[in-house]
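Enquirer: take this sequence and fold it.
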Amino acid sequence: MQAEQGGWLSAQTIEAGRIAAQQYIRGEGKLYIRVFPQKSVTSIPLETRMGKGKGEPEYWAAVIKPGTILYELSGVGEAAAKLCLARLAHKMPVRVRMVKRT
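Expert: Next up, the predicted model:
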């Protein structure tokens with residue numbers, strides 16, 4: 001699955017996609033996750049005065065550029081892969097498309 005837009009993909013979203021794909025393929029094939037959340041997104045609590053620092057990490061995110069491969073499937077047929085990746089696409093906050101390696 002390849003991203004068509006740029007953006008941030010949170011660690012929770014990556015994990016939700018992994019769980020959805022694993023439940024669908026049920027051990028027949030192998031799922032490869034090609035992105036890793038390495039950017040910490042911080043925030044300061046509301047009604048806090050200026051000058052108290054950067055804030056605590058709220059969540060971790062992976063920076064996605066257009067054209068980045070997010071997930072790969074192997075060991076399943078093309079029809080099963082399309083259905084599995086369609087389930088994954090519903091979880092993603094960016095527009096994605098399925099690409100096939102030739």
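
Enquirer: for the protein, longest strand please?
Expert: strand 56-64 (DSSP state E).

Enquirer: so for this structure, the centremost residue is which one?
Expert: Most central in the chain under C-alpha atoms, centre = their mean is residue 14, positioned 3.6 Å from the mean C-alpha point.

Enquirer: can you map out the strands along this structure?
Expert: Counting by DSSP E, the strands of the chain are 2-3, 7-10, 30-33, 39-43, 56-64, 71-74, 96-97.

Enquirer: show me what counts as buried in the second one.
Expert: Of the residues in strand 7-10, those buried under the neighbour-count criterion (16 or more other C-beta atoms under 10 Å) are 8, 9, 10. For every residue, glycine as well, the C-beta is placed using N, CA and C.

Enquirer: of these, which is the nearest to residue 100?
Expert: Of all the buried residues of strand 7-10, residue 100 sits closest to residue 9, with 22.0 Å by C-beta to C-beta.

Enquirer: beta partners of the closest one?
Expert: residue 62 (DSSP bridges).

Enquirer: pretty sure it sits against residue 35.
Expert: Yes - with contact defined as C-beta atoms under 8 Å, residue 9 reaches residue 35; the gap is 6.2 Å.

Enquirer: where do the contact lists of those two overlap?
Expert: Both residue 9 and residue 35 are contacted by 62, 64, 70, under the criterion C-beta atoms under 8 Å, 6 or more residues apart in numbering.

Enquirer: ok, and the most crowded of those residues?
Expert: residue 70 (22 neighbours; other C-beta atoms under 10 Å).

Enquirer: and that residue, how far is that from residue 29?
Expert: 16 Å (C-beta to C-beta, to the nearest Å).

Enquirer: ok, the shared contacts of residue 9 and residue 35 vs residue 19, which is closest?
Expert: Among the shared contacts of residue 9 and residue 35, and counting by C-beta to C-beta, the member closest to residue 19 is residue 70, at 14.8 Å.
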